[in-house]
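*Asks:* Quick check, what structure comes out for this input:
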Amino acid sequence: MTFKESDLLKAKFYFEQGLKLITENEFANAEVKLRMAYEILPTRPSILINLSSVLIELNRHDEAIFLCLKVISNDENNIEALLNLGICYANKGDKQAALESFDKCLLIDKNNASAWCNKANLLQSLNHFDEALDCYSKALLYKPHFEEALIGRSNLFNSLKKYEKAIEDIDLAISINPRNKKAQWNKSLDLLRLGKFEEGWKLYEARWSIPGISESFIHLPAHLWLGKESLVNKNILIYAEQGFGDTIQFCRYLPILESQYCAKVIFAVPPTLIKLMQTLSPTIDVIDITSLQQKKFHQKIDFYTPIMSLPLAFGTTLQSIPNKTPYLGITSLQKDLWKTKLLNNVTKSAGLSQPNQVNVGISWFGSGKYAAEKNKKRDISLEEIIPLFEANFNLNVCFHILQPALDEKIRSQINEIKNLYFYENQIGDFSDTAGLINALDFVISVDTAVAHLAGALSKKSIVMLPDPPDFMSLTIGNSSPWYPESMYLLRQKIAGNWPIAELIQKTSSFISELRYLYNQ
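*Replies:* Residues are numbered from 1 along each chain as shown. The predicted structure follows:
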């Protein structure tokens, strides 16, 4: 195929524009320019590979795979295409195919630092830590100032609980490139995990450059407030970002904006949180966040703040966390409604409720994301948690599932478990979950929104933490600085190994305390 010189010049112009936009992290705009080059030269490897890289950044892996395979069909040893293909497979969860792609790269060039680094990232995700560490070492041997390998090895050191080594690697990455937002973001998590909040919250603002988080930033026609300007008689809009649990955890700051900063507060949240968040304060205006996302919000505001920037704005340290609970509540109607639902559910299947019966809420899996990533490490399988339901606590104990929905397989399994109750189609939003939690004696949960809701309601709870835990749970201790009065943290000692026997023992202890109170 022949091309006019003018077409080649156009393609080169669009291609170079695309490359410049990639260096500026303007991936959506880079795609536009690279596609214009692609329309002119649809088989040029450099265009196909860079376009696939952009699509990876945009989480469009199937399209990227198509382009990589197009290159490989003409050049089976094209390392860049094989690398991007492996990254796509890894992101789609096909780890075996990803490993094969990276290994093929290394057969072609055993000194390829990018292949070693990506293989290390994959092995780390599989918890093959020793092999991953070896691969990171090889990547850094062949490319000593490789920022991505330093960031990956820092993450690995965190998993190995070598936190100071993790910070050493991330500091080196930042010294190589002070503008590396991913390194800043990772360092923020390291510092917050260690309770070093002052610098941690500042670096946490780098999240707006991180794919999967940056998309939740909403530009509004007002000033971003990070604690410097006076809010007296000003309108400030706070909007939810990331997960439901994050919103529940950090909404504690909003009443303080009213009481101490004399601001008029507007709070934008997902629909399922609206009724719950209306219990924060009668004078906070809670709105549907979709009105912001769809640009249908027209009320005048002076300032706005994404909710997880509030700890920075307040200058929060480990010692100054506003941790008085409860800061969320339920209406009298919800309180009565869920006490009745719980009583009816138990008596319908088991006869009359016992006077000293203990009702325990249970949530053993989350929504599918953990620490902003798709990750199942915080979830407990039903098979693992069944011994808790079958334990002999020498007291009438009923477990109540706090999940609003279960898949068919789990529903069929729980039907066989005595004293386990499910409120199918009855939990409509988080105000219903709050009503059910209020009717319970205590809650057992993995680190999900349910755990934060129990904490915000000051309901006694046992929260199961994976190893390593989310950065907000710190690294040691069995109490939470965010919910010190009510929450007990039960940590994995070994990654992936849930201490169910210890959970049963702690549950028995909670029940004994309740039995003592009943007998007073």
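*Asks:* What ranges does the stretch 201-350 of the chain have for its helices?
*Replies:* Using DSSP state H, counting those that start in this stretch, the helices of the stretch 201-350 of the chain run over 244-250, 254-259, 274-277, 290-293, 310-313, 332-350.
*Asks:* can you list contacts of the fifth one?
*Replies:* Helix 310-313 is contacted by residues Phe197, Trp201, Lys202, Tyr204, Glu205, Trp225, Leu226, Gly227, Ile238, Phe250, Tyr253, Thr305 when judged by CB atoms under 8 Å, 6 or more residues apart in numbering. All C-beta atoms are positioned from the backbone trio N, CA, C, and that covers glycine.
*Asks:* returning to that earlier point: and of the helices of the stretch 201-350 of the chain, who's closest to Pro469?
*Replies:* helix 244-250 (13.2 Å; CB to CB).
*Asks:* Now do the closest one: everything it contacts.
*Replies:* If you take CB under 8 Å, 6+ apart as the criterion, helix 244-250 is touched by 240-241, 269-270, 272-273, 276-277, 307-308, 310-311, 328, 367, 430, 447-449, 451-453, 455-456, 472, 482.
*Asks:* let's see it at 7 Å
*Replies:* Ala240, Val269, Leu273, Ile307, Met308, Leu310, Thr448, Ala449, His452, Leu453, Ala456, Trp482 (CB atoms under 7 Å, 6 or more residues apart in numbering).
*Asks:* Just the CA trace of that helix, in CSV.
*Replies:* Taking Å, rounded to 0.1, in the frame of the first residue of the first chain, the C-alpha atoms of helix 244-250 are listed here in CSV:
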residue,chain,number,x,y,z
PHE,A,244,-20.0,4.0,50.2
GLY,A,245,-17.8,3.2,53.2
ASP,A,246,-15.5,6.2,52.6
THR,A,247,-18.6,8.5,52.5
ILE,A,248,-19.9,7.1,55.8
GLN,A,249,-16.5,7.3,57.4
PHE,A,250,-15.7,10.9,56.4
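*Asks:* now that helix, how far from the centre of its chain.
*Replies:* With CA atoms, centre = their mean, to the nearest Å as the basis, helix 244-250 stands 11 Å off its chain's centre.
*Asks:* what is the rounded mean pLDDT of it?
*Replies:* For helix 244-250, mean pLDDT rounds to 97.
*Asks:* And stretch 480-500, by the same measure?
*Replies:* 95.
*Asks:* returning to that earlier point: ok, which pair from the contacts of helix 244-250 is furthest apart?
*Replies:* Leu310 and Thr448 (21.0 Å).
*Asks:* list the contacts for Val269?
*Replies:* Ala240, Thr247, Met277, Val286, Ile289.
*Asks:* now swap in Leu382 and tell me
*Replies:* Neighbouring residues of Leu382 by CB under 7 Å, 6+ apart: Ile410, Gln413.
*Asks:* Drop anything exposed from the contacts of helix 310-313.
*Replies:* The neighbour-count test (16 or more other CB atoms under 10 Å) marks Phe197, Trp201, Tyr204, Glu205, Trp225, Leu226, Ile238, Phe250, Tyr253, Thr305 as buried among those.
*Asks:* Adding distance to Cys68, write those out as CSV.
*Replies:* Formatted as CSV, the buried ones among the contacts of helix 310-313 follow (distance: CB to CB, whole Å):
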residue, distance to Cys68
Phe197, 42
Trp201, 39
Tyr204, 34
Glu205, 34
Trp225, 44
Leu226, 41
Ile238, 42
Phe250, 40
Tyr253, 45
Thr305, 41
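*Asks:* Mind checking which of the residues you listed are in strands?
*Replies:* The strands, defined by DSSP state E, take in Ile238, Thr305 from the buried ones among the contacts of helix 310-313.
*Asks:* isn't there a strand covering Tyr488?
*Replies:* Yes - per DSSP: H, G, I helix; E, B strand; the rest coil, Tyr488 lies within a strand segment.
*Asks:* Which parts of the stretch 351-500 of the chain are helices?
*Replies:* For the stretch 351-500 of the chain, applying DSSP H, counting those that start in this stretch gives helices covering 382-390, 408-414, 430-439, 449-456, 500-518.
*Asks:* Kindly export the first one (C-alpha atoms) in PDB.
*Replies:* Spelled out, that is helix 382-390. Extracted C-alpha coordinates of helix 382-390, given in PDB (Å, rounded to 0.1, in the frame of the first residue of the first chain):
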ATOM      1  CA  LEU A 382     -19.400 -18.800  53.100                       C
ATOM      2  CA  GLU A 383     -17.600 -22.100  53.600                       C
ATOM      3  CA  GLU A 384     -15.100 -20.300  55.900                       C
ATOM      4  CA  ILE A 385     -17.700 -18.400  57.900                       C
ATOM      5  CA  ILE A 386     -20.100 -21.400  58.500                       C
ATOM      6  CA  PRO A 387     -18.200 -22.600  61.600                       C
ATOM      7  CA  LEU A 388     -19.300 -19.300  63.300                       C
ATOM      8  CA  PHE A 389     -22.900 -20.100  62.600                       C
ATOM      9  CA  GLU A 390     -22.500 -23.600  63.900                       C
END
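*Asks:* List the buried residues of it.
*Replies:* Ile385, Ile386, Leu388, Phe389.
*Asks:* Can you lay out these as a markdown table showing distance to Lys104 and pLDDT?
*Replies:* Output for the buried residues of helix 382-390, formatted as a markdown table (distance: CB to CB, whole Å; pLDDT from 0 to 100):
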| residue | distance to Lys104 | pLDDT |
| --- | --- | --- |
| Ile385 | 41 | 95 |
| Ile386 | 43 | 95 |
| Leu388 | 46 | 96 |
| Phe389 | 48 | 94 |
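*Asks:* got TSV for those, with distance to Asn478 too?
*Replies:* Output for the buried residues of helix 382-390, formatted as TSV (distance: CB to CB, whole Å):
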residue	distance to Asn478
Ile385	20
Ile386	24
Leu388	18
Phe389	23
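*Asks:* Just name the closest of those residues to Gly496, please.
*Replies:* So of the buried residues of helix 382-390, ranked by how close each gets to Gly496 (CB to CB), first place is Ile385, at 14.7 Å.
*Asks:* That closest one contacts Asp379, correct?
*Replies:* No - taking contacts as CB atoms under 7 Å, Ile385 lies outside contact range of Asp379: 10.0 Å.
*Asks:* Find residues that contact each of the two.
*Replies:* Trp364.
*Asks:* Any idea how many residues pack against the closest residue to Asp302 other than its chain neighbours?
*Replies:* Nearest non-adjacent residue to Asp302, counting by CB to CB, 6 or more residues apart in numbering: Lys234, 4.2 Å away. Close neighbours of Lys234, defined as other CB atoms under 10 Å, add up to 19.
*Asks:* In the strand or helix carrying Leu107, which residues are buried?
*Replies:* Assessed by DSSP states H and E, Leu107 sits inside helix 95-108. By neighbour count on 16+ other CB under 10 Å, the buried set for helix 95-108 is Ala98, Leu99, Ser101, Phe102, Lys104, Cys105, Leu106.
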